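Novice: here's a sequence, model it:
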Amino acid sequence: ERYPKLPDDIAVYTQEHTQNIASQQGGKSSNTRGFTKGSFCGRDQLRLNSQTNAYREIHTVGDGHPGWIIDRYGEYVLIQEQQVSTPASRKPNADNRGGKATRMAPPPPPTNRPIPSIHDGYTKGVYTQHTTSKPNPQNPDQTTRLVEGTPAPNPHFVLENGISYLVTLDDASNQSTGLFLDQRPLRGWLSSQKLENTKLLNCFAHGGGYSVAAAKAGCETTSLDLDKKWLDRIYPQMLENGFVENEEEFKERHDTIYGDCFDWLKRLSKRNEQYDIVILDPPSTSIGSKKKRWSVKNDMAELVALAAPLVKTNGLLFTTNNCSTLPVAKFAKSCWVGLEAAGMVKYSAATSANKKGGAAVATAGATLERVIPMPYDFPTVGEQSVTNLVWRL
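Specialist: Down below sits the predicted model:
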């Protein structure tokens with residue numbers, strides 16, 4: 001994707017913040033994009049794209065504004081002001097799903113942060129949300145509130161690569177809109193494939209974005225999530241896009257399963273269910289149906305080991321890392337350990353004898369086929385913190 005220019009006033013803010021970050025790190029800037037006046041990741045190409053009207057306008061420290069996020073959903077925007085860790089506290093934010101700031105980032109200055117307005121010609125409403133590392137829907141300061149303009153319609157559909165997705169902005173109890181904008185490239189890839197006569201299992205389905213994208217390509221889908229409220233949003237999206245004509249047709253081609261992913265992966269395996277594509281996109285940490293807390297850092301290998309047997313031979317397993325403090329190399333290693341445990345990695349007799357010594361070489365089985373990068377409206381300082389790995393099994 002191209003990196004078009006933004007107005008110079010926004011670029012000046014970025015320059016100032018980049019210099020601030022550099023001074024905090026002893027004069028050495030870790031800004032790998034080499035921002036210059038007016039040249040950092042602009043969004044003009046997205047704003048002018050008739051097929052996509054949902055994207056991130058400002059992405060925290062990557063755009064020079066630590067803790068400051070602006071997401072556009074058609075003619076409505078959501079501003080998130082998030083708690084920013086400082087060098088003194090060194091307390092990392094656990095989840096990067098909403099783009100929480102890098103733990104070494106300095107706090108933003110109290111002024112000079114870009115704020116969209118209903119007077120810009122293409123914004124009808126502005127919502128705000130203040131979040132911390134421990135979201136609390138009961139805290140009125142953390143709920144989503146309309147601060148300018150008119151409320152978004154309900155339901156509110158946005159466009160992404162020509163597909164309509166359902167989002168929620170006017171429900172104050174929600175900490176999520178239902179559509180994770182950072183996964184636009186993966187949804188775009190799915191929707192562009194020829195997936196007739198294929199089956200997809202979408203684990204941690206949330207609002208069903210992957211399932212909707214796959215349905216565009218002709219795929220039959222099964223969406224699994226612990227929250228029935230989100231699963232109920234999938235049918236209206238299929239209907240809005242014309243992928244089904246009625247609920248009966250939806251039930252014939254698309255299934256929704258309400259329950260714990262770990263438990264249901266075991267059940268599906270006992271039934272000998274098989275899928276051409278299995279997607280694992282878990283939150284960085286969560287509590288399952290049995291009130292047991294798990295995390296990507298500690299339990300991703302187990303999750304992969306449960307999911308891998310459900311993938312058909314030569315099928316695909318998608319794994320997503322949403323933990324900002326888990327390096328991609330460690331995440332990939334966790335996935336590989338899970339694939340080994342599931343018997344998806346084959347070693348020759350010669351190399352298996354040397355496996356403990358680190359000289360083993362996989363000769364067959366799972367391969368890392370694709371790394372899907374973040375979209376350009378999610379720039380970062382340093383290594384990308386959300387990474388999609390696609391495994392061929």
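Novice: which SS class is Ile69?
Specialist: Under DSSP: H, G, I helix; E, B strand; the rest coil, the three-state class of Ile69 is strand.
Novice: so Ala307 sits against Phe318, correct?
Specialist: No - judged on CB atoms under 8 Å, Ala307 makes no contact with Phe318 at a distance of 9.7 Å. Backbone N, C-alpha and C define where each C-beta goes, glycine included.
Novice: so for the two, which residue has more residues nearby?
Specialist: Ala307 (27 against 23; other CB atoms under 10 Å).
Novice: next, the more buried one: secondary structure please.
Specialist: Ala307 ends up helix, using three-state DSSP.
Novice: quick check: closest non-adjacent residue to it.
Specialist: Residue nearest to Ala307 in three dimensions, not counting chain neighbours: Val278, with 5.2 Å by CB to CB, 6 or more residues apart in numbering.
Novice: mean confidence for whichever strand in the chain runs longest?
Specialist: What stands out as the longest strand in the chain, according to DSSP state E, is strand 311-321. If you average the pLDDT over strand 311-321, you get 96.
Novice: what are the ranges of the helices in this structure?
Specialist: Using DSSP state H, the helices of the chain run over 8-24, 44-47, 184-192, 209-216, 228-231, 234-240, 247-253, 261-270, 296-307, 328-341, 349-352.
Novice: and Arg370, which of the ones you listed is closest to it?
Specialist: Counting by CB to CB, Arg370 lies closest to helix 184-192 out of the helices of the chain; the figure is 8.4 Å.
Novice: how about Glu75, what does it touch?
Specialist: 53, 122-125 (CB atoms under 8 Å, 6 or more residues apart in numbering).
Novice: go through the helices of the chain and pick out the most buried.
Specialist: Most buried of the helices of the chain, by mean neighbour count (mean count of other CB atoms under 10 Å): helix 209-216, with a mean of 28.
Novice: which other helices and strands does it contact?
Specialist: strand 163-167, helix 184-192, strand 199-203, strand 220-225, helix 234-240 (3 or more CB pairs under 8 Å, 6 or more residues apart in numbering; DSSP states H and E).
Novice: would you turn the helices of the chain into JSON lines with distance to Ile69?
Specialist: Shown next, in JSON lines, are these (distance: least, CB to CB, whole Å):
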{"stretch": "helix 8-24", "distance to Ile69": "14"}
{"stretch": "helix 44-47", "distance to Ile69": "16"}
{"stretch": "helix 184-192", "distance to Ile69": "16"}
{"stretch": "helix 209-216", "distance to Ile69": "19"}
{"stretch": "helix 228-231", "distance to Ile69": "21"}
{"stretch": "helix 234-240", "distance to Ile69": "24"}
{"stretch": "helix 247-253", "distance to Ile69": "34"}
{"stretch": "helix 261-270", "distance to Ile69": "27"}
{"stretch": "helix 296-307", "distance to Ile69": "21"}
{"stretch": "helix 328-341", "distance to Ile69": "22"}
{"stretch": "helix 349-352", "distance to Ile69": "47"}
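Novice: follow-up on the earlier one: for the longest strand of the chain, the distance to its chain's centre please.
Specialist: With CA atoms, centre = their mean, to the nearest Å as the basis, strand 311-321 stands 17 Å off its chain's centre.
Novice: just checking, Asp276 touches Gly315?
Specialist: Yes - between Asp276 and Gly315 a contact is recorded at 4.8 Å, counting by CB under 8 Å.
Novice: picking up where we left off before, any chance of the helices of the chain in CSV, with distance to Asp170 and mean pLDDT too?
Specialist: Formatted as CSV, these follow (distance: least, CB to CB, whole Å; pLDDT from 0 to 100):
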stretch, distance to Asp170, mean pLDDT
helix 8-24, 28, 42
helix 44-47, 23, 78
helix 184-192, 23, 95
helix 209-216, 19, 98
helix 228-231, 15, 95
helix 234-240, 16, 98
helix 247-253, 25, 97
helix 261-270, 29, 96
helix 296-307, 31, 95
helix 328-341, 35, 95
helix 349-352, 58, 52
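Novice: to His59, which of the ones you listed lies closest?
Specialist: Distance to His59, taken as CB to CB, is lowest for helix 8-24 among these, at 11.1 Å.
Novice: circling back: adding distance to Cys261, write the helices and strands packed on helix 209-216 out as CSV.
Specialist: Compiled in CSV, the helices and strands packed on helix 209-216 are given as follows (distance: least, CB to CB, whole Å):
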stretch, distance to Cys261
strand 163-167, 22
helix 184-192, 18
strand 199-203, 5
strand 220-225, 6
helix 234-240, 16
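Novice: to Asp299, which of these lies closest?
Specialist: strand 199-203 (13.2 Å).
Novice: doesn't Ile79 make contact with Ile115?
Specialist: Yes - contact between Ile115 and Ile79 holds when scored by CB under 8 Å: they sit 7.1 Å apart.
Novice: now for those two: what residues contact both?
Specialist: Contacts common to Ile115 and Ile79, judged by CB under 8 Å, 6+ apart, are Val126.
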